[in-house]
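Novice: below are the sequence and a predicted model; questions follow.
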Amino acid sequence: MKRTTVSALFILLCVHLLLVSPIVAKEKQSTAKKGATKAESQAKKSKKNAAVEETRLGKVVDIEIKGAKNVNPSIVLLSLTMKPGSELSEALIDENMKRVFNIGYFTQDIGVDVLSVKDGKKVTFKVVENPIIKSIKLKGNTLVDESKILKAMQNKAGQVFNSALVASDVQSVQKIFDEAGYTINNVYNVQFDGEVLTLFVQENIIESVKVVGNDKTREYVILRELKFKTGEVYDDKKITRSLQKIQNLGYFSEIRPRCEPGTAPGKVDFIIEVKEQKTGTITIGGGYSSANGFVGVFEIAQKNWRGKGQTLNARLEFGGTRTYEFGFVEPWFRNKRLSLGGNVYNTRTTQKFYQPNKPVTDYTESRKGFNLSLGKPFSEIVEGSLTFRDENVSLTDANDIQNVLNQNYIREGHYQTLSAYLGRDTRDNVFNPRRGTFNAVNVDSTGGFLVGPDAFTKYRLTLRKYQSVNSRGVIAGRITGGTINLSKGTLPLYEEYGVGGVYTIRGYEWREFIGKKMLVGNLEYRHKMHKNFEGYLFYDFGDAWGSDSLTSTNAASNYKIKKGYGVGFNFITPIGPIRIDYGKGEDRTGKAYFSMDRMF
């Protein structure tokens, strides 16, 4: 019995050790862990509260600026984020010290004192002002008026130097250079020695000019159009005008300029990269002209003959107009800015004579002769020319017109004419202008020492204006006026001004209105739909009046404005521009027109 009792007690002890003891140990371990975590949390919280107490220094009740002798302290106070009532901290002090320095009037020696006063803290910023600027100098500037530059700067002589304004002053100076055309000139350094503020300017000199891509065109043909020379400072206005002149030659489809570093700082090589286009054409075709009916054309033309920029052409027209013509132009005669040109021609054109309320009378006008022209530019945008013309004029098949017109106005014979031209051209592109103006005066004179039975002088003024309205749209306007002064003999019918038709007032017949006086206005809105295609709306108005020819038939020839309007399309083709217009006069139905050149 005693032995059995001992065995039972031993078993119970083993069970206790195996089951109960691990559970109790685990509970104790868990309890200890929780206690440690709680203690750690309390320690962190205490540390955080201590840090907050350390950075919070109290409320700001007053702010003072010391050391600002020439700078108004209010400028400093306005820049601060620290205000009376702010909770003062080390972070707030650091932030506002940076703000005081960034004003630009002070050195980096900025100190802060915090004084405990009633109800909070008084903060004092101790600053040291930059020296006063005694003078400002520009080194390297030879092109722009120095007073204009100094006026644009915010740092001024007699004021405290402000380091924060240096960047904006450099930008202001650069803007002046850009507006003057010196776009690659730059301020490359600024120094202040405590008395003198010095700006160092680099004026970039064009060291050389190189042309790339001109396989056919001689290099000198391109270089002679430049408005600047090597050794000159880069001038964007001269560069732009030079590139426009090269574009207007019509020899290149693309012109890409660029600059490359020269042999030393401040020197650049100017590169003109061109892509040549076809300048020679052989045209065989035909079309219907509203002025002369069906016209067949055969023409050989080369506007860059031998790559020298010379123009050579031979033209044959047949049908309603018969023309034989040969012409040549040398744009730089004897390597000078003088153009010399000439044409030999033989033309026959069917004309119409209109009388109010009477049938139209046809007649044929023939001209044989030649002309010589000498032109000279007087400036980049102004040029003039003199042209001498010698021709014989005859009217064939004139029986019908002789029956309706006084014989005195059917003049034939040998005529010589001297013509003067003066034009001012600011168009950006002579072939497809988007902005600019073109104004010209023409005077044609006969009589005196010139051969001919009559003496008269024709005056004509032309004013054009082009204005782009967006990337595709252009408004174009033209006013043309003229008068004829007869001093001897009779003014021939074909020398009177003619108005009406595809080149003056669309919606009317060719030369439907004639006279010694003329005034025509044209307004177009042009919209480019494709690279080689544009559409436009137009409005034309004007008249010709004071006709001696009509007066001889007892027909009135007084001024009465005629109006036409419509729509048109212009196509750029290998044989040149083709224009189709549909115009309607104010007292008739619409009429279609076809021509092979622009209106203006």
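Specialist: Alright, I've got the coordinates. This one's a predicted model, so the numbers in the text were calculated from it and none came from an experiment.

Novice: got a list of what Lys137 touches?
Specialist: Contact criterion Cβ atoms under 8 Å, 6 or more residues apart in numbering gives Val196, Leu197, Thr198, Leu199 as the residues in contact with Lys137. The way it works is simple: take the backbone N, C-alpha and C, and place the C-beta from them, glycine included.

Novice: mind putting those into CSV with pLDDT and neighbour count?
Specialist: As requested, the contacts of Lys137 are exported to CSV (pLDDT from 0 to 100; neighbours: other Cβ atoms under 10 Å):
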residue, pLDDT, neighbour count
Val196, 96, 13
Leu197, 96, 22
Thr198, 96, 14
Leu199, 95, 23
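
Novice: ok, of the residues you listed, which one's closest to Asn248?
Specialist: Sorting these by distance to Asn248 puts Leu199 at the head of the list, at 39.2 Å, by Cβ to Cβ.

Novice: the closest one pairs with what?
Specialist: When bridges are called by DSSP bridges, Leu199 pairs up with Leu138, Val190.

Novice: unless I'm mixing things up, it is touching Tyr188, no?
Specialist: No: taking Cβ atoms under 8 Å as the definition, Leu199 is not a contact partner of Tyr188, at 9.3 Å.

Novice: of the contacts of Lys137, which is the nearest to Phe326?
Specialist: Of the contacts of Lys137, the one sitting nearest to Phe326 (Cβ to Cβ) turns out to be Leu199, at 62.4 Å.

Novice: residues contacting that closest one?
Specialist: When contacts are counted by Cβ under 8 Å, 6+ apart, Leu199 is found next to Ile136, Lys137, Leu138, Lys139, Asp169, Val170, Val173, Val187, Asn189, Val190.

Novice: select only the buried ones of these in PyMOL?
Specialist: One line in PyMOL is enough to select the buried ones among the contacts of Leu199; burial here means 16 or more other Cβ atoms under 10 Å:
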select buried, resi 136+138+169+170+173+187+190
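
Novice: low-confidence ranges in the stretch 351-500 of the chain?
Specialist: Low-confidence segments of the stretch 351-500 of the chain, defined by pLDDT under 70, span residues 397-398.

Novice: so where do the helices sit in it?
Specialist: Per DSSP state H, counting those that start in this stretch, the stretch 351-500 of the chain has helices spanning 399-404. These are given in chain order.

Novice: ok, back up a step: any chance of a markdown table for the contacts of Leu199, columns pLDDT and distance to Gly213?
Specialist: Shown next, in a markdown table, are the contacts of Leu199 (pLDDT from 0 to 100; distance: Cβ to Cβ, whole Å):
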| residue | pLDDT | distance to Gly213 |
| --- | --- | --- |
| Ile136 | 96 | 46 |
| Lys137 | 95 | 44 |
| Leu138 | 93 | 40 |
| Lys139 | 94 | 39 |
| Asp169 | 95 | 42 |
| Val170 | 95 | 37 |
| Val173 | 94 | 36 |
| Val187 | 92 | 35 |
| Asn189 | 94 | 38 |
| Val190 | 95 | 41 |
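
Novice: hang on, Val209 packs against Leu226?
Specialist: Yes: with contact defined as Cβ under 8 Å, Val209 counts as touching Leu226 (6.9 Å).
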